[in-house]
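*Asks:* Show me how the following folds:
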Amino acid sequence: MYYYLLILAIGGERLVELAVAQRNTRWSLAHGGKEFGRDHYPAMVSMHALLLVSCVVETWALHRPFIPWLGWPMLAIVVLSTVVRWRCVSVLGRRWNPRLIVIPDAPLISDGLYRWVRHPNYTAVAAEVAALPLVHSAWLTAIVFTIANALVLRVRIRAENAALGLV
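*Replies:* Modelled structure (predicted):
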């Protein structure tokens, strides 16, 4: 029961992210932003939505138990990854967006976690995608979506690096 509430809360958090993204999209485009990587964006959004559905379905249909020695550390990773992702949103400010919009001549962000890691948001997302299903031992979902996320991020990071002139 509590796991389903966690998934619902994560879904609600994703809706808040989309609202922030819409606002930031309007701002970025009004400031000359150009969008890149449109072709992979629907796959990325779909993958994240299906992750939440799969967490619920596997846990319910296959009667996955909560295993404390696994579930509690995975929950801690989910919480930490959410904190890191929102820290990235804070550091990037209006320039944060799950869509790939680059404002010409805007300096590359090198504050906060970006000082040490080129893509801290994607690192946090990768941790969350692996950990969220494992909170309730949905290991099939963890495997499938970790692989799917790696494939999506491979495309995304290449597109982002190219758009930012980092390659």
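*Asks:* Going by residue numbers, what spans are helices in the chain?
*Replies:* For the chain, the helices defined by DSSP state H occupy 2-30, 41-61, 68-92, 120-134, 139-163.
*Asks:* Please identify the deepest-packed of those.
*Replies:* helix 120-134 (a mean of 21; mean count of other C-beta atoms under 10 Å). Where you see a C-beta, it was placed from the backbone N, CA and C, and this is true even at glycine.
*Asks:* gap between that helix and the chain center?
*Replies:* Distance, stretch centre to chain centre, for helix 120-134: 7 Å (C-alpha atoms, centre = their mean, to the nearest Å).
*Asks:* what's that helix packed up against?
*Replies:* For helix 120-134, the packing partners by 3 or more C-beta pairs under 8 Å, 6 or more residues apart in numbering; DSSP states H and E come out as helix 41-61, helix 68-92, helix 139-163.
*Asks:* Would you reformat those helices as CSV and include distance to residue 28 and mean pLDDT?
*Replies:* Formatted as CSV, these follow (distance: least, C-beta to C-beta, whole Å; pLDDT from 0 to 100):
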stretch, distance to residue 28, mean pLDDT
helix 41-61, 14, 96
helix 68-92, 11, 97
helix 139-163, 12, 96
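*Asks:* re earlier: reformat the helices of the chain into CSV and put distance to residue 100 next to each item.
*Replies:* Formatted as CSV, the helices of the chain follow (distance: least, C-beta to C-beta, whole Å):
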stretch, distance to residue 100
helix 2-30, 10
helix 41-61, 7
helix 68-92, 13
helix 120-134, 12
helix 139-163, 6
